[in-house]
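> Need a 3D model of the sequence below.
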Amino acid sequence: MLVVLSPAKKLNLNNKNFSKSSVPQFINEAELLINTLRKYKPTKLSQLMSISPALANLNYERYWSWNVEHSISTSKTAVFAFDGEAYAGLDAASFSNKELEYAQEHLRILSGLYGILKPLDLIHAYRLEMGTKLKVPARTPARQSHSGGEKARSGGGSKKNLYDFWGDKIGNEVNVALKNQKEKVLVNLASSEYFKAIKPKKIQGEIVTPIFKDFNNGYYKVVMVYAKKARGMMAAYILKNKIELIEDLKGFNDSGYCYNDAASTKNELVFLRG
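Down below sits the predicted model:
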């Protein structure tokens, strides 16, 4: 069984690193994206990403600080660096060393910049959502100086967005990871924005998507802030208990969620609370 999660916008670079680490599979592709992002001044980044001027300035500096070298002294392991609701639910700090090593084989984090990450892959601070409409040239742009300098080269065959840029690469890596699983089951705990980047129809295994709903104003509905945390809790449940069978996912009952058979289908497991 393999689990996929979305990344988080929020980062905590003060969290601990694990003693073991790995390097992202698509580091060269990440460098191309960074070089492309370096063409954008903060005002343009703000427009491109629909973020505040302060966040645009922060990420402008991050892009220029980014380096293709990823070492334990200058980078953070992904599972400890991401700090959103899902990662609060996952609570990687509570994992034992053996549990982290197990997660390295059974968890993948989807990323706009890195494509796909193992939990112990080293990353630099960044922000690049998969849905960003970033046009990427077909070949690496010329490097610029921090103050501007030479314009990037724009080769033919540019990619219109990140989905186009990544193509089949992310899904192919998911399939490689699935081949190494005892049960060829992919548990989708990612958002639709990220999950469609793997091209689900090309996945060589069964896909199951847990859905978490809370009782609110007379009916059950997905409350996103709660659902995100529940996705992380479900990921932790799978990894810590070494779950392999879809049937065993139904035993998840953290924070008051309970599996509801009547609301579920073969490939969508619904958990209700309240």
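
> quick one: secondary structure of Val187?
Of the three states, Val187 takes strand according to DSSP: H, G, I helix; E, B strand; the rest coil.

> Just the terminal-to-terminal distance for stretch 1-12.
Its first and final residues considered, stretch 1-12 spans 28 Å by C-alpha to C-alpha, to the nearest Å.

> Number the residues from 45 up from this point.
Yep, numbering from 45; the last one is stretch 45-56 now.

> Next, the buried residues of it.
Under the neighbour-count criterion of 16 or more other C-beta atoms under 10 Å, stretch 45-56 has 45-52, 55 buried. The way it works is simple: take the backbone N, C-alpha and C, and place the C-beta from them, glycine included.

> show me where the chain has strands.
Along the chain, the stretches classed as strands by DSSP state E are 46-49, 120-121, 151-155, 159-161, 166-167, 229-233, 250-260, 263-265, 302-303, 312-317.

> what bits of this protein have low per-residue confidence?
Where the chain drops to pLDDT under 70, the residues are 183-200.

> By residue count, what's the longest helix in it?
Longest helix of the chain, by residue count under DSSP state H: helix 268-284.

> Alpha carbons of that helix, as CSV, please.
C-alpha atoms of helix 268-284 as CSV (Å, rounded to 0.1, in the frame of the first residue of the first chain):
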residue,chain,number,x,y,z
MET,A,268,-11.6,21.4,4.7
VAL,A,269,-9.6,22.5,7.7
TYR,A,270,-10.7,19.3,9.5
ALA,A,271,-10.5,17.1,6.4
LYS,A,272,-6.9,18.1,5.8
LYS,A,273,-5.9,17.2,9.4
ALA,A,274,-7.8,13.9,9.1
ARG,A,275,-5.9,13.0,5.9
GLY,A,276,-2.7,13.3,7.9
MET,A,277,-4.1,11.2,10.8
MET,A,278,-5.1,8.5,8.3
ALA,A,279,-1.6,8.5,6.8
ALA,A,280,-0.1,8.1,10.2
TYR,A,281,-2.6,5.3,11.0
ILE,A,282,-1.6,3.4,7.8
LEU,A,283,2.1,3.9,8.3
LYS,A,284,2.3,3.1,12.0
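
> any residues touching it, and which ones?
By C-beta atoms under 8 Å, 6 or more residues apart in numbering, the residues outside helix 268-284 that reach it are 45, 47, 49, 128-135, 138-139, 143, 146-147, 150-151, 231, 233-234, 254-258, 287, 293, 296, 298-299, 301, 315, 317.
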